[in-house]
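**Q** Next input, structure requested:
(chains A and B)
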Amino acid sequence: DAKTTQPTSMDCAEGRAANLPCNHSTISGNEYVYWYRQIHSQGPQYIIHGLKNNETNEMASLIITEDRKSSTLILPHATLRDTAVYYCIVRVANRDDKIIFGKGTRLHILP
Amino acid sequence: SQTIHQWPATLVQPVGSPLSLECTVEGTSNPNLYWYRQAAGRGLQLLFYSVGIGQISSEVPQNLSASRPQDRQFILSSKKLLLSDSGFYLCAWKPRLNTEAFFGQGTRLTVV
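**A** I've put the predicted structure just below:
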């Protein structure tokens, strides 16, 4: 699986959009971009995933660049409950093997 | 609907004692199963994963072991705990024909 690079931490004001970047310059053509988040003392929670088109669900939007070497997770109206560590992972979908997490980005939502 | 059960939520064990953490999944069959550990202030480290009964892949050599005696049961064990085994242990499952993994609530283990 390709590796990802994320900023260690970010701050965002409550009510504003939180934009979390992820670099995955060695991504392969059949690898998807996944995002999870981990709220303190809980297990990670799946947020969204995509291949090359932008994706949106009730939690967030995922913007993938045309060359697929980077992506941005957007939380449109951040709340204090969005304070968490956000993990960007690239992997082949439906593959029966390990899921490796990097260090992620610690997002602080400021009141 | 599918659910994952992991217990206990917290555990304090003396150095040298054995360990057994159990994880069960309901509402699905033939899932992929995973054990992760998160040391204080650190990231998620994959310990073991399994794609079927009796099939265990180990990611990190250490004094821990895993077993999958039934399709939806995943057990993490140790014969003798070390201080460095302290951490937050998470079990996860992933359906074969789906792309996302689902995590349990975790067990916080403190070895004293």
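
**Q** can you give me the strands in the chain?
**A** You didn't pick a chain, so chain A it is. Taking DSSP state E, the strands of chain A run over residues A:9-13, A:18-23, A:31-38, A:45-50, A:55-56, A:61-64, A:70-75, A:84-92, A:105-110.

**Q** Let me rephrase: I mean chain B.
**A** Using DSSP E, the strands of chain B run over B:3-7, B:10-13, B:19-26, B:32-38, B:45-52, B:55-58, B:64-70, B:73-78, B:87-94, B:102-103, B:107-111.

**Q** which stretch among the ones you listed comes nearest A:His49?
**A** Checking the strands of chain B against A:His49 by CB to CB gives strand B:87-94 as the closest, at 12.4 Å. Where C-beta positions appear, they are placed from N, C-alpha and C, glycine not excepted.

**Q** Spatially central residue for the chain, please.
**A** Just so you know, I chose chain A. Residue closest to the average C-alpha location in chain A (CA atoms, centre = their mean): A:Trp35, at 3.5 Å.

**Q** Can you look at chain B instead?
**A** Residue closest to the mean C-alpha point of chain B, counted by CA atoms, centre = their mean, is B:Trp35 at 3.2 Å.

**Q** That one reaches B:Trp93, doesn't it?
**A** No - using CB atoms under 8 Å as the test, B:Trp35 is too far from B:Trp93 to be in contact (10.8 Å).

**Q** Give me the neighbour count for the closest residue to chain A within chain B.
**A** Here the residue of chain B nearest chain A is B:Phe103; by CB to the nearest CB that distance is 3.0 Å. A count of nearby residues for B:Phe103, using other CB atoms under 10 Å in any protein chain shown, gives 21.
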